[in-house]
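Asks: using only what follows, build the 3D model:
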Amino acid sequence: ISHSVKKGILSVAQDETRHANYLYEALHRRLSAAKAAAVIDEWRTRKVEALWAMVGNFIERNGQTRTLVQDGAPTDTTDEVELAEVEAA
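Replies: Below you'll find the model as predicted:
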């Protein structure tokens, strides 16, 4: 990886860290410590569960990822069938 790419990745990571710190402080300003901790725990749990789901799907597909088009976007044939059904009604 080139030096400029590494520098760019580090910059993004630092920006994300600053953003996370801001959100953490904002939660503590608006909520009690216990409620803020509960919200943070909930989001951490959701993040871990999403990562496990992603890894599980990756393993099930033998390392192949799906594109957004494959994830359930309607195809042309689906549109044609729906149009024919509407016209027939």
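
Asks: domains of this protein?
Replies: 1-30, 32-66 (the TED database).

Asks: buried residues in the last one?
Replies: Across domain 32-66, burial judged by 16 or more other CB atoms under 10 Å covers Ala36. C-beta: built from backbone N, CA, C; applies to glycine.

Asks: and if you look at the first one?
Replies: Within domain 1-30, the residues that count as buried by 16+ other CB under 10 Å are Leu27.

Asks: this protein: strands as residue ranges?
Replies: Taking DSSP state E, the chain contains no strands at all.

Asks: nearest residue to the middle of the chain?
Replies: Ala50 (7.8 Å; CA atoms, centre = their mean).

Asks: ok, back up a step: between the domains of the chain, which has the poorest mean confidence score?
Replies: Looking at the domains of the chain, the lowest mean pLDDT belongs to domain 32-66 (a mean of 91).

Asks: gap between it and the chain center?
Replies: Computed by CA atoms, centre = their mean, to the nearest Å, the chain-centroid distance of domain 32-66 equals 9 Å.

Asks: same question for stretch 8-28.
Replies: Using CA atoms, centre = their mean, the offset of stretch 8-28 from its chain centre is 17 Å.

Asks: now the helices for the protein?
Replies: 3-30, 33-60, 76-88 (DSSP state H).

Asks: counting contacts, what elements does the first one pack onto?
Replies: Identification of packing neighbours for helix 3-30 by 3 or more CB pairs under 8 Å, 6 or more residues apart in numbering; DSSP states H and E yields helix 33-60.

Asks: over to the second one?
Replies: On a contact count with 3+ CB pairs under 8 Å, 6+ apart, helix 33-60 meets helix 3-30.

Asks: roughly how far apart are Ser11 and Ser4?
Replies: 10 Å (CB to CB, to the nearest Å).
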